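Visitor: Have a look; sequence and predicted model below, questions after that.
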Amino acid sequence: MLDLRLIREQPEVVERALATRGGGARALIGRLLAVDAERRRVLREAEDLKAQRNRASEAIGQAKRRGDDASAEVARMREVGDRIKVLDAELKSGDEEIDRLLLQLPNLPHPSVPVGESAAENVEVRRWGTPRAFAFPARTHDELGEALGLLDFERATKIAKSRFTVLWAEAARLERALTQFMLDLHTREHGYTELWVPHFVNGQTMVGTGQLPKFEEQLFKTVEPDDNRTLYLIPTAEVPVTALHGGEILAESSLPRRYVAFTPCYRREAGTYGQDTKGMIRQHQFDKVELVKVTTPAQSYDELESMVQNAEEVLRRLEIPYRVVALSTGDMSPNSAKTYDIEVWLPGQAKYREISSCSNCEAFQARGLDLRFRPAGGGKTDFCHTLNGSGLAVGRTLIAVLENYQEADGTVTIPKALHPYMNGVERLTARC
RNA sequence: GGAGGGCUAGCCCUAACUGGUAAGGCAGUGGACUUGAAAUCCACCGGGGCGCAAGCCCCUUGGGGGUUCGAAUCCCUCGCCCUCCGCCA
């Protein structure tokens, strides 16, 4: 969430910054300012009365110890207490409304982010590799995978529903090899600490990381007799890993923290009917190796650049062409202050498609999680910055391998970088 | 699932009468002292409101509610952790 004080002190700055991020920020800010002003008026009155009561109670205690009669003062304080109760109730509802409003506002974009309404205004930052020239019509991964008997969409639909996939034999091994390869790269060469985390988290974690209430309809959740015990399946490892240090005050000397976690991701994909219905581009369950950093404000933009580089390195080692795109204000997710997408070349679609999204959320999540650090020189604590990025989405990487390394006969060559992980298999051929 | 114990600052430890208004140690950071270090001393090391400032005030004992002039303390409720029993990969 945004800093209420910033909205209070510079509402026009916030409003201007959010102009192209959708969601009617103007009206929300107006309402926030009104509720906040009233809340502070009530707060002052309540605090004055509490100060009175504290003094009077002290005096009553002393009087009683002396054996004096204090009944008049007690009666007066009873009325003050009743008034305090009313004011405290008003404060509580004001706080709740402020929270509700704050949770609807997106993050402020960094000044370097291209201003725009949609993906049309995204800016390509760089390209790597040259798409291979095929001497035959390039097939899509689902055509290739089904023909080889390695990707099974029909049976996945039978046992679950659409947007699920069964991987057979060497395709399942390839998924595992890619995962292992990515984790090894990031832990051994990029300095990340590997974490293994819960796939279910509580509501507080979802709110703190900015998933709720905005993305309620995208989340799978458990059915519990008692609503506040509901657990949510993680839509990305970003959620548990970013929330890991919530409520903690970290030593500045321990920052930046660099974490990598492999988990499946579970998403309802509501409202995406008709998009990417063929193949395994968009699934209810997909594997992802996720990079998360917790940094000081001063470090976060350098760390964003290196995180993108770390994610890109996966595709460089696999020798698959890609490009890096800076998302425009209108295309970024609400948590983010700045996002780079990595888009991998898919010959079957003859398009670059998203395979990683790396974001600096600055203090937006840290504020909700109460994630702070203590400056090395002592003094006041401040909120950390949090970053997250896919390093990479494993299923989409598998797709990219299939499509980029396909041969005329429909088989698929395994990239050299994966050979140590494939138990001698160097080519995917039809399953017998 | 059953029984019991617990939750106080910074991922530590520890107080507070038959309810009287909460906190000491340690660690950390900066400073003083020192050739350097240790030891010692001082300050800071939760959140918020008002104020130009100095400062004043409020809140913070797992969360929420109740009783009371006043709650860490009494009552209700929820959560989490630990121990034992049962079951179990």
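Guide: Sure thing, it's come through.
Visitor: hey, let's count contacts and neighbours off CA atoms from now on
Guide: Noted.
Visitor: tell me the centre residue of chain A?
Guide: Nearest to the geometric centre of chain A sits residue A:238, at 5.0 Å (Cα atoms, centre = their mean).
Visitor: from memory that residue sits against residue A:388, does it?
Guide: Yes: at 6.2 Å, residue A:238 counts as touching residue A:388 under the criterion of Cα atoms under 8 Å.
Visitor: what's the host helix or strand of residue A:402 packed up against?
Guide: Assessed by DSSP states H and E, residue A:402 sits inside helix A:394-404. Contact analysis of helix A:394-404 by 3 or more Cα pairs under 8 Å, 6 or more residues apart in numbering; DSSP states H and E lists helix A:141-148, helix A:169-184, strand A:285-295, strand A:338-346 as its packing neighbours.
Visitor: Let me know the angle separating it from helix A:169-184.
Guide: Angle of helix A:394-404 versus helix A:169-184, following axes from the mean of the first three to the mean of the last three Cα atoms, to 10 degrees, is 120 degrees.
Visitor: next helix or strand past helix A:394-404?
Guide: Sequence order places strand A:412-413 as the next helix or strand after helix A:394-404, per DSSP H and E.
Visitor: follow-up on the earlier one: could I have the helix holding residue A:402 exported to CSV, CA atoms only?
Guide: The C-alpha coordinates for helix A:394-404 follow below in CSV (Å, rounded to 0.1, in the frame of the first residue of the first chain):
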residue,chain,number,x,y,z
VAL,A,394,9.5,-23.3,-16.2
GLY,A,395,6.6,-24.5,-18.3
ARG,A,396,7.0,-21.6,-20.7
THR,A,397,10.7,-22.4,-20.9
LEU,A,398,9.9,-25.9,-21.8
ILE,A,399,7.6,-24.5,-24.6
ALA,A,400,10.5,-22.3,-25.8
VAL,A,401,12.9,-25.3,-25.9
LEU,A,402,10.4,-27.4,-27.9
GLU,A,403,9.6,-24.7,-30.4
ASN,A,404,13.2,-23.3,-30.9
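Visitor: any idea how far residue A:48 lies from RNA strand B?
Guide: Going from residue A:48 to RNA strand B by Cα to the nearest atom of the strand, to the nearest Å gives 5 Å.
Visitor: whoops, I mixed them up, residue A:248
Guide: Residue A:248 is 4 Å from RNA strand B, by Cα to the nearest atom of the strand.
Visitor: which non-adjacent residue is nearest that residue?
Guide: Setting aside the residues directly before and after it, residue A:248 is nearest to residue A:371 in space (Cα to Cα, 6 or more residues apart in numbering), at 5.6 Å.
Visitor: so who does that neighbour touch?
Guide: Counting by Cα atoms under 8 Å, 6 or more residues apart in numbering, residue A:371 touches A:245-250, A:383-384.
Visitor: Give me the buried subset of the residues you listed.
Guide: A:245-246, A:249-250, A:383-384 (16 or more other Cα atoms under 10 Å).
Visitor: re the thing from before, list the contacts for the residue nearest to the centre of chain A?
Guide: Counting by Cα under 8 Å, 6+ apart, residue A:238 touches A:290-292, A:388-389.
Visitor: Just give the number of residues close to residue A:182.
Guide: 25 (other Cα atoms under 10 Å).
Visitor: Enumerate the residues of chain A near RNA strand B.
Guide: Within chain A, the positions near RNA strand B by Cα under 7 Å from any atom of the strand are A:5, A:40, A:43-44, A:46-48, A:50-58, A:60-61, A:64, A:73-75, A:77-78, A:81, A:229, A:245, A:247-250, A:374, A:376-382.
Visitor: and the closest residue to residue A:329 other than its chain neighbours, what is it in contact with?
Guide: Nearest non-adjacent residue to residue A:329, counting by Cα to Cα, 6+ apart: residue A:115, 5.1 Å away. Contacts for residue A:115 (Cα under 8 Å, 6+ apart) come out as A:20, A:121, A:328-330.
Visitor: likewise residue A:109?
Guide: Residue A:109 makes contact with A:17-18, A:329, A:336-338, according to Cα under 8 Å, 6+ apart.
Visitor: Can you check these and name whichever has the most neighbours?
Guide: The most crowded member of the contacts of residue A:109, judged by other Cα under 10 Å, is residue A:329 (30 neighbours).
Visitor: ok, now how distant is that one from residue A:120?
Guide: 11 Å (Cα to Cα, to the nearest Å).
Visitor: What segments of chain A are helices?
Guide: A:4-9, A:11-17, A:25-66, A:71-104, A:141-148, A:153-159, A:169-184, A:203-208, A:238-243, A:300-318, A:364-369, A:394-404 (DSSP state H).
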